[in-house]
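Chemist: Can you look at this prediction? I've put the sequence above it.
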Amino acid sequence: MDQLLYINGKWTGENLDKITVYNPANRDVVGTVASATEQETQAAISAAEEAFSSWSRLAAYERSSYLEKLYTLMMEHKEELATIMTSEMGKPLKESLGEVQYAADFIKWYAEEGKRVYGRNIPASTSNKRLSVIKQPVGVVAAITPWNFPAAMITRKLGPALAAGCTVIVKPPKETPLTAVRLVELCEEAGFPKGVVNLLTGSSSLIAKELMGSTAVKKVTFTGSTEVGKMLIEQSAQTVKNVSMELGGHAPAIVLEDADLENAAKAVMASKFRNAGQTCICINRVYVKEEVYDTFTEMLAKETAKLTVGNGMKEGVDVGPIINEEGYEKVAKHVSSAIKQGATVLQGGEGEERDGGYFYQPTVLKDVNHDMLVMNEETFGPVLPVQKISSDEEGISLANTTPFGLAAYVFTESLSRGTAVVEGLDYGIVGWNDGAPSAAQAPFGGFKESGIGREGGIEGMEAYLETKYVSMQVK
Ligand code: SIN
């Protein structure tokens, strides 16, 4: 199906070039989207700017009711959204259904939270003054989103931005624009006034250049690679934009000898193989205390062997395809170079191109070390390297060695040791005996080169607000 751009409440761009969207499981064509030029991007900016003056002045309760409608529509179209997602992204249908619920949770949570954007009064130093702080929406927001979570990474931005009173231009990636199109159609059905939500599909560099150069766009919120995030930060300097950056990760997990190993193995597996390892917070390297190293790696290998790889539309599939050839080559390189440097394959270790899709076996590697690429770079694939450690401190130190600081995990039944590890980790998110820490109501984001700012929770709302201090002199 040919999909269009959504600008100022209208679907437009019939005559523009088209971008084809493929199913990564078999290269079937699943649709096309219009490719916006400078002209449409400027039109979307103007529409969002114009709509801002009225949207930002609505009562928070009114904005909330639009978001509530959107949530209801997302729930009514859950299966349909999930099917679109699996067909363009590849993740198993059961995961897509989970993601639609997760995505809708952001809309629901911020529909409620928008009513609680409070300012404050500050006692003055003299009796003739009244000091107060008010919160106002930042303005037009450019939301640039990734392919690995085609719905949730949009709503994690859209929910708080709209609730705060901002207007939004959504720019989804070329791999997964169709979920975004359907979400924006639901926004239209929910009745958002024209210009409040706009959608641009097409060349990321062309559209981003226009958005970043515009003085009307006050904020850019991006989820994606650290490399692109750095470019956007540089470009945002031209007009000193407010930025939120959710960038790359390389999540470590530390398993201490007193952990509940069965729970730890389940959590590590769920985190690692979610979305075929194409998740910023998925466990990418595991450090296990020497006392339980052999037992734990065997447990992981045994559980990993049970996973079924294939087309995400098929019943019983646990791990879908890698998004494209480039992603697949990176995974294959991480594994083959680790093997050359002495890693032992306990499970998997191979991939294949099948029916035009790129599939990699869920893989467990032991005897790995920090000279290997797989322990230093984000793999973004279903590979689990496991390294032996001899102390808690060694685990913390190795966990902190990379420039990334998004999510980390620790498994221990000891309150004292767990607390010390949590406090020693330079990470924005820590799962303690928990492989699935994400939640709409909690802050998500990283330290170091993993990003700037937080999404989710009250921090995620703050990201779309300006603080205005008012000092009033009275008689
Ligand atoms: C991501 O990969 O950035 C999203 C993962 C999540 O929200 O749990």
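Modeler: Now that the structure is in, tell me what you want to look at. All of these numbers come straight from a predicted model, not from anything done at the bench.
Chemist: Output the set of residues of the stretch 301-450 of the chain in proximity to the ligand.
Modeler: With the criterion set to Cβ under 6 Å from any ligand atom, the stretch 301-450 of the chain comes near the ligand through 438, 444. C-beta coordinates here come from the backbone N, C-alpha and C atoms, glycine included.
Chemist: can you pull out the strands in the stretch 301-450 of the chain?
Modeler: For the stretch 301-450 of the chain, applying DSSP state E, counting those that start in this stretch gives strands covering 344-347, 351-354, 357-360, 363-366, 383-389, 404-405, 407-411, 429-432, 447-448.
Chemist: Let me know which of those strands is tucked in deepest.
Modeler: Mean neighbour count, computed with mean count of other Cβ atoms under 10 Å, is highest for strand 407-411 among the strands of the stretch 301-450 of the chain, reaching a mean of 29.
Chemist: That strand pairs with which strands, and in what direction?
Modeler: Strand pairing for strand 407-411, determined by DSSP bridges: strand 251-255 (parallel), strand 429-432 (parallel).
Chemist: Those into CSV, with extra columns for mean pLDDT?
Modeler: Converted to CSV, these look like this (pLDDT from 0 to 100):
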stretch, mean pLDDT
strand 251-255, 98
strand 429-432, 98
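Chemist: So which of those strands is nearest residue 101?
Modeler: strand 429-432 (19.6 Å; Cβ to Cβ).
Chemist: okay, the strands paired with strand 407-411 in TSV with distance to residue 440 next?
Modeler: Listed next are the strands paired with strand 407-411 as TSV, based on distance: least, Cβ to Cβ, whole Å:
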stretch	distance to residue 440
strand 251-255	20
strand 429-432	14
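Chemist: what's the closest of the strands of the stretch 301-450 of the chain to residue 322?
Modeler: Between residue 322 and these, the tightest spacing by Cβ to Cβ is seen for strand 357-360, at 4.5 Å.
Chemist: Nearest residue to residue 334 in space, please, no chain neighbours.
Modeler: In this structure, residue 334 finds its nearest non-sequential neighbour in residue 374, 4.2 Å apart by Cβ to Cβ, 6 or more residues apart in numbering.
Chemist: For the strands of the stretch 301-450 of the chain, please prepare CSV with the additional fields distance to residue 223.
Modeler: Below are these laid out as CSV (distance: least, Cβ to Cβ, whole Å):
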stretch, distance to residue 223
strand 344-347, 31
strand 351-354, 26
strand 357-360, 23
strand 363-366, 26
strand 383-389, 22
strand 404-405, 14
strand 407-411, 14
strand 429-432, 14
strand 447-448, 16
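Chemist: Go through the ones you listed and name the closest to residue 23.
Modeler: strand 357-360 (7.8 Å).
Chemist: pLDDT of that closest one, averaged?
Modeler: Mean per-residue pLDDT for strand 357-360: 98.
Chemist: With stretch 302-312 instead?
Modeler: 97.
Chemist: about what we covered before: closest one to residue 126 among the strands paired with strand 407-411?
Modeler: Nearest of the strands paired with strand 407-411 (Cβ to Cβ): strand 429-432, 44.3 Å.
Chemist: And the contacts of that closest one?
Modeler: Identification of contacts with strand 429-432 by Cβ atoms under 8 Å, 6 or more residues apart in numbering yields 267, 271, 281, 406-412, 418, 422, 437, 443-446.
Chemist: Now do it: distance to the chain's middle.
Modeler: Relative to its chain's centre, strand 429-432 lies at 16 Å (Cα atoms, centre = their mean, to the nearest Å).
Chemist: go on, stretch 227-235?
Modeler: Distance, centroid of stretch 227-235 to centroid of chain: 17 Å (Cα atoms, centre = their mean).
Chemist: quick one: buried residues of that stretch?
Modeler: Across stretch 227-235, burial judged by 16 or more other Cβ atoms under 10 Å covers 228-229, 232-233, 235.
Chemist: can you tell if that stretch touches the ligand?
Modeler: No - counting by Cβ under 6 Å from any ligand atom, no contacts exist between stretch 227-235 and the ligand, the nearest distance being 12.0 Å.
Chemist: same question for that stretch, mean pLDDT?
Modeler: Throughout stretch 227-235, pLDDT has a mean value of 97.
Chemist: what's next to it, contact-wise?
Modeler: 144, 208-209, 212-213, 220, 222, 243, 245, 247-248, 451-452.
Chemist: Which helix runs longest in this structure?
Modeler: Looking across the chain with DSSP state H, the single longest helix is helix 93-113.
Chemist: Using CSV, write out every CA atom in it.
Modeler: Provided in CSV are the C-alpha atoms of helix 93-113 (Å, rounded to 0.1, in the frame of the first residue of the first chain):
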residue,chain,number,x,y,z
LEU,A,93,4.2,-11.5,16.7
LYS,A,94,3.9,-12.1,20.4
GLU,A,95,6.7,-9.5,21.0
SER,A,96,4.9,-7.1,18.7
LEU,A,97,1.7,-7.5,20.7
GLY,A,98,3.8,-6.8,23.9
GLU,A,99,5.3,-3.7,22.2
VAL,A,100,1.9,-2.3,21.2
GLN,A,101,0.8,-2.6,24.9
TYR,A,102,4.0,-1.0,26.0
ALA,A,103,3.6,1.8,23.5
ALA,A,104,0.0,2.4,24.5
ASP,A,105,1.1,2.5,28.2
PHE,A,106,3.1,5.7,27.5
ILE,A,107,0.0,7.4,26.0
LYS,A,108,-2.2,6.4,28.9
TRP,A,109,0.4,7.3,31.6
TYR,A,110,1.1,10.7,30.2
ALA,A,111,-2.6,11.4,29.6
GLU,A,112,-2.8,11.2,33.4
GLU,A,113,0.5,12.8,34.2
